[in-house]
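1. Build me a model:
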Amino acid sequence: MKLSTLSACKLAVVLIGCAALPGIAGAHGVDDHSTDPAYARYYQQPVNWGGCPPSLFTDGSTIQCALVTVPVDWADPSRGDITIGISRPLDPPAHTRLLLVNAGGPDNSSASMAEMLEQLQPQVQVDHLVVGVDLRGITDGLGTQVSCDYAQRSGDENFMDGDSRNPTAASVQAQQDWWNRSIAACLQQHATFLEGINTPNHARDLNLVRAVLGFRHADLLGVSSGSSLMAYASRMFPERFERVVLDSNMNWVHLDWQRQAVQRTRMDQLNLQQAFIPFIARHDEQFHMGTTPLQVMTTFQQIYQATSEHRMGSVTPDQALGSLDGTGMWVFWDLLVSPSLSAMSAALDGDPAHIAYAEQIAAMTFADLRTRPSFNPMADALQCNDSGSTDPRSIAQKIADVRTYWAIGASTLVDKCQHWPWRPALDRRLESRTRVHALMVQNEFDPSTPYSLAFRDRRENGPAARMVLVNNATTHGAMFDDNACTTDAEFAYLNFGVMPARDLVCQAKPMHSFAMQDTVTYEYGHPAAGWWLPAPPNVHQVSWLLVP
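-> Numbers count the residues shown, from 1 in each chain. Predicted structure coming up:
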């Protein structure tokens, strides 16, 4: 079943003032082992296409899926094999090029994203076979997975009262100890598999998929954390990967997962205050929280206090705050954020029926760590294997940041990599001596992959890249918006190989979702002037606090 609620973008690719793609002739990457007999069985394997399971956003009915066998450790194929999932359209149009797609997350289904991309942006299939490639071990996809049990809880952990945003030094330390016990047992049980989950291995998996599908070269599209994967893959295999689009950029010049997460909490909070709360106020018919930003914030404060005082049944403060974690992507606003906040707002009247509905919605919104028995360690293993423990903040500073950046700040309280047994896998020399030849696409007020880090990528990477910045855009994932200025530049490059002659500043459309449409845009950052990239917004503008 296709996405019937979404309109397809216009099929127009207008060539803007452009220059030839910066050449990479003579660039040489690392050995991909394609001529090594020890790896022949991977490169010579057949690909058997079949059905796809339902996944995030789509039901898999317009794509086919397959499993590709990869070594658990590319440095030593004798350590065993695992599988990863890939997808392609059911009836692909004629093509001569291959586009490999990663959905980010990093725990998102790339099959699902590729299917959604084909429906929202059908011009992506112009001369391209579009193939979604899952990271190894992800929850929302095909391939080898593992599950680990959480350690027994002491009752002192920071989340045990259902309110992770109200920490103490003792509760943070108890939560850190609980996590250390949980991950230590997990690592002992699945050491070989988890050690192999890192960006260099993912990049080798991408290159293998290219080869087994019969293509000498491939183009790449990475969204969100997928931007870091595709950037690294282009560094490793510049002679294999040609046109690279990086949508919603992490700091891929020097990939550091923990520092990226800290930056995200600040930008997320600013975007919530300056963009999304005003949006909620303009759509009271959907959210029922008030018609001014102050009224909306007052209502949310009441929800937070009611859940803290157990006056909303089993709904916890974390579940109330969890609904805000979907504000970064507009596709969640109707499906998750509006129903959650509207139900909790109605439950403030104490009506048992309203409270029961709020409990039902809350249970779907946020996984309660107090009762959750197990977890997939893939995302944590990826981040720790890549860059390790790099957050320099003290516990006191973390607590202060949680109270300032309350929307998602608690997600950075615990150092998941504190006692990680392996050295970081990223090759910092490779990062320092190579440039990423890519087209960057970035929303100015992206709350999940902040523009400040993308701006740094662009500045430090030099003339090898160009950026298409969407001025005043407030969401995450530019490819899913129908902005002609952005898509014209993307597909001029992706389909025809031409890069903008210089950075391009496009103007955002008013905020919208499936059911909600604004008519105006607004500015809370530095004004853009012509094609010059404006300075990133000041994240220290945050001023609205939440009181437990």
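
2. can you pull out the helices in the stretch 151-300 of the chain?
-> Secondary structure of the stretch 151-300 of the chain, counting by DSSP state H, counting those that start in this stretch: helices at 169-195, 199-212, 225-236, 257-271, 277-282, 284-287, 293-308.

3. Redo these as JSON lines? Include mean pLDDT, distance to Met378 and mean neighbour count.
-> All C-beta atoms are positioned from the backbone trio N, CA, C, and that covers glycine. As requested, those are exported to JSON lines (pLDDT from 0 to 100; distance: least, CB to CB, whole Å; neighbours: other CB atoms under 10 Å):
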{"stretch": "helix 169-195", "mean pLDDT": "98", "distance to Met378": "8", "mean neighbour count": "18"}
{"stretch": "helix 199-212", "mean pLDDT": "98", "distance to Met378": "11", "mean neighbour count": "24"}
{"stretch": "helix 225-236", "mean pLDDT": "97", "distance to Met378": "12", "mean neighbour count": "28"}
{"stretch": "helix 257-271", "mean pLDDT": "96", "distance to Met378": "13", "mean neighbour count": "22"}
{"stretch": "helix 277-282", "mean pLDDT": "96", "distance to Met378": "33", "mean neighbour count": "21"}
{"stretch": "helix 284-287", "mean pLDDT": "96", "distance to Met378": "34", "mean neighbour count": "17"}
{"stretch": "helix 293-308", "mean pLDDT": "96", "distance to Met378": "30", "mean neighbour count": "19"}
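
4. Dump those helices to a markdown table, plus distance to Met116.
-> Shown next, in a markdown table, are these (distance: least, CB to CB, whole Å):
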| stretch | distance to Met116 |
| --- | --- |
| helix 169-195 | 29 |
| helix 199-212 | 19 |
| helix 225-236 | 14 |
| helix 257-271 | 23 |
| helix 277-282 | 23 |
| helix 284-287 | 23 |
| helix 293-308 | 30 |
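
5. For Asp380, which of those helices is the nearest?
-> Evaluated with CB to CB, the helices of the stretch 151-300 of the chain place helix 169-195 nearest to Asp380, the distance being 6.9 Å.

6. mind checking which of the helices of the stretch 151-300 of the chain is nearest Gln44?
-> Relative to Gln44, the nearest member of the helices of the stretch 151-300 of the chain by CB to CB is helix 199-212, separated by 8.1 Å.

7. and Asp31, how many neighbours?
-> The local packing of Asp31 (other CB atoms under 10 Å) involves 9 other residues.

8. In terms of pLDDT, where does it sit?
-> With respect to pLDDT, Asp31 has a value of 94.

9. Relative to Arg216, how far out is it?
-> 17 Å (CB to CB, to the nearest Å).

10. same thing with Leu67?
-> Distance from Leu67 to Arg216, counting by CB to CB: 23 Å.

11. ok, now Phe237?
-> Separation of Phe237 from Arg216 (CB to CB) stands at 12 Å.

12. Between these two, which is the more surrounded one?
-> Phe237 (22 against 9).

13. what's around the nearest residue in space to the more buried one that is not next to it in sequence, how many residues?
-> Excluding the flanking residues, the one nearest Phe237 by CB to CB, 6 or more residues apart in numbering is Gly29, at 4.3 Å. Neighbours of Gly29 under the rule other CB under 10 Å: 18.

14. Please list all residues in contact with Gly29.
-> By CB atoms under 8 Å, 6 or more residues apart in numbering, Gly29 lies in contact with Arg235, Met236, Phe237, Pro238, Glu239, Arg240.

15. and what of Ala346?
-> Per CB under 8 Å, 6+ apart, neighbours of Ala346: His288, His354, Tyr357, Ala358.

16. Then the second one would be within a strand, right?
-> Okay, so that is His354. No. Assigned with DSSP: H, G, I helix; E, B strand; the rest coil, His354 falls outside any strand and is helix.

17. any idea how far Phe366 is from it?
-> The value you get for His354 to Phe366, if CB to CB is used, is 19 Å.

18. Go ahead and confirm Asp518 touches Arg282.
-> Yes. Using CB atoms under 8 Å, Asp518 makes contact with Arg282 at a distance of 6.3 Å.

19. Common neighbours of the two, please.
-> Contact criterion CB under 8 Å, 6+ apart; residues shared by Asp518 and Arg282: none found.

20. Can you tell me how far the closest residue to Gln145 other than its chain neighbours is from Ile82?
-> Among residues not flanking Gln145 along the chain, Gly137 sits closest, at 5.8 Å (CB to CB, 6+ apart). Gly137 sits 8 Å away from Ile82 when distances are taken as CB to CB.

21. Next up, the contacts around Ala75.
-> Contacts for Ala75 (CB under 8 Å, 6+ apart) come out as none.

22. How many neighbouring residues does Gln397 have?
-> 11.

23. Is it correct that it falls within a helix?
-> Yes. Gln397 forms part of a helix when assessed by three-state DSSP.

24. residue contacts, it?
-> Taking CB under 8 Å, 6+ apart as the definition, Gln397 has no contacts.

25. Then Leu246?
-> Going by CB under 8 Å, 6+ apart, Leu246 touches Gly222, Ser227, Met230, Ala231, Trp252, Val436, Ala438, Leu439, Met440, Val441.

26. can you do 10 Å?
-> 220-224, 226-231, 234, 252, 436, 438-442, 449, 454, 457, 465, 467 (CB atoms under 10 Å, 6 or more residues apart in numbering).

27. That one bridge partners, please.
-> Assessed by DSSP bridges, Leu246 has beta-bridge partners Gly222, Met440.

28. before we move on, the earlier item: for the residue nearest to Gln145, pull up the helix or strand it's in.
-> Element membership for Gly137 (DSSP states H and E) is empty, with no helix or strand holding it.

29. What's the separation between it and Val245?
-> Gly137 is 25 Å from Val245, where distance means CB to CB.

30. got the phi/psi numbers for Asn471?
-> Asn471 adopts backbone torsions of phi -70, psi 130, taken as degrees, to the nearest 10.

31. which strand residues sit across from it in the sheet?
-> Beta bridges link Asn471 to Gln507 when assigned by DSSP bridges.

32. Check the contact between it and Gly525; I expect there is one.
-> Yes. Asn471 is within contact range of Gly525, at 8.4 Å (criterion: CB atoms under 10 Å).

33. Between these two, which contacts overlap?
-> Common neighbours of Asn471 and Gly525 (CB under 10 Å, 6+ apart) are Glu444, Phe445, Pro534.

34. and of these, the nearest to Met378?
-> Using CB to CB, the shared contacts of Asn471 and Gly525 come closest to Met378 at Phe445, 29.3 Å.

35. The closest one: neighbour count?
-> 25.

36. what's the nearest residue to it if we skip its chain neighbours?
-> Thr474 (4.4 Å).

37. And the closest residue to Asp32 other than its chain neighbours, how far from Ser234?
-> Excluding the flanking residues, the one nearest Asp32 by CB to CB, 6+ apart is Asn207, at 5.3 Å. Noted for Asn207: a distance of 11 Å to Ser234, by CB to CB.

38. Is Leu208 in contact with Ile84, as I believe?
-> Yes. Applying CB under 10 Å as the test, Leu208 and Ile84 come out as touching, 9.0 Å apart.

39. list residues touching both of the two?
-> Joint contacts of Leu208 and Ile84 (CB under 10 Å, 6+ apart) are Val68, Thr69, Val70, Val133.

40. if we can go back for a sec, what's the overlap in contacts for Asn207 and Ser234?
-> Listed as contacting both Asn207 and Ser234 by CB under 10 Å, 6+ apart are Gly29, Arg240, Phe241.

41. got those residues as JSON lines, with distance to Gln507 columns?
-> JSON lines is the format used below for the shared contacts of Asn207 and Ser234 (distance: CB to CB, whole Å):
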{"residue": "Gly29", "distance to Gln507": "38"}
{"residue": "Arg240", "distance to Gln507": "36"}
{"residue": "Phe241", "distance to Gln507": "31"}
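
42. From these, which land in strands?
-> Phe241 (DSSP state E).

43. between the shared contacts of Asn207 and Ser234, which is nearest Asp427?
-> Gly29 (11.4 Å).
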